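> predicted coordinates and the sequence they were generated for:
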Amino acid sequence: MPQLVDYIDKICRDKKRDVLFLRFGDPLGGQFPTATRKKIITWLNENAIPYKDCTGYFSNSGYMSADQSIYLDIPYDLDNPQYQKVADYLEDTDGVIKHKGVEFLLLTYERACKVAEEQSYTD
């Protein structure tokens, strides 16, 4: 059954705040790290971290399909215990991602709104 998946910039504008998301895959066109994605989803569930599938592209990108990205429904706040838990799981002490083929990304509300304004579109 088809699944309705939001673009990450739409989620950002709907939340009216910066958002965190994970993007999976080799940026040079390699295979998606499916096993790693499943492992991370299991960890998110076990640790009660809210998330949902999304596409990590902007609404105006022209991409119509899900790219296996995951929106993390926690605030980007270095003092937030949920953020700290996620960051500790995903990154080493130098901020380098521990999982091959995974990007831990932040989209600012300001950037999402600016792109929407520049492209003159609404959701």
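That came in fine, so what should we check first?
> give me the average confidence score over stretch 74-88.
In this model, stretch 74-88 carries a mean pLDDT of 97.
> now do the contacts for Arg17.
Applying CB atoms under 8 Å, 6 or more residues apart in numbering, one finds that Arg17 lies in contact with 75, 109. For every residue, glycine as well, the C-beta is placed using N, CA and C.
> distance check, it against Ile97.
Distance from Arg17 to Ile97, counting by CB to CB, to the nearest Å: 23 Å.
> cool, Pro33 as well?
From Pro33 across to Ile97, the span is 11 Å (CB to CB).
> now name the helix or strand holding the residue positioned nearest the centre of the chain.
In the chain, the residue lying closest to the centroid (CA atoms, centre = their mean) is Phe21, at 1.6 Å. Following DSSP states H and E, one finds Phe21 within strand 19-24.
> beyond that strand, next helix or strand please.
Where DSSP H and E defines the elements, the next helix or strand beyond strand 19-24 is helix 34-46.
> between strand 19-24 and that next one, find me the angle.
Calculated by axes from the mean of the first three to the mean of the last three CA atoms, to 10 degrees, helix 34-46 forms an angle of 150 degrees with strand 19-24.
> point out where this protein drops to low pLDDT.
Residues of the chain that meet the criterion pLDDT under 70 lie in 1-2, 26-32, 60-66, 120-123.
> would you map the strands across it?
6-7, 19-24, 51-55, 69-72, 102-107 (DSSP state E).
> hmm, who's touching the fourth one?
Strand 69-72 is contacted by residues 6, 8, 11, 19-24, 37, 40-41, 44, 49-56, 86 when judged by CB under 8 Å, 6+ apart.
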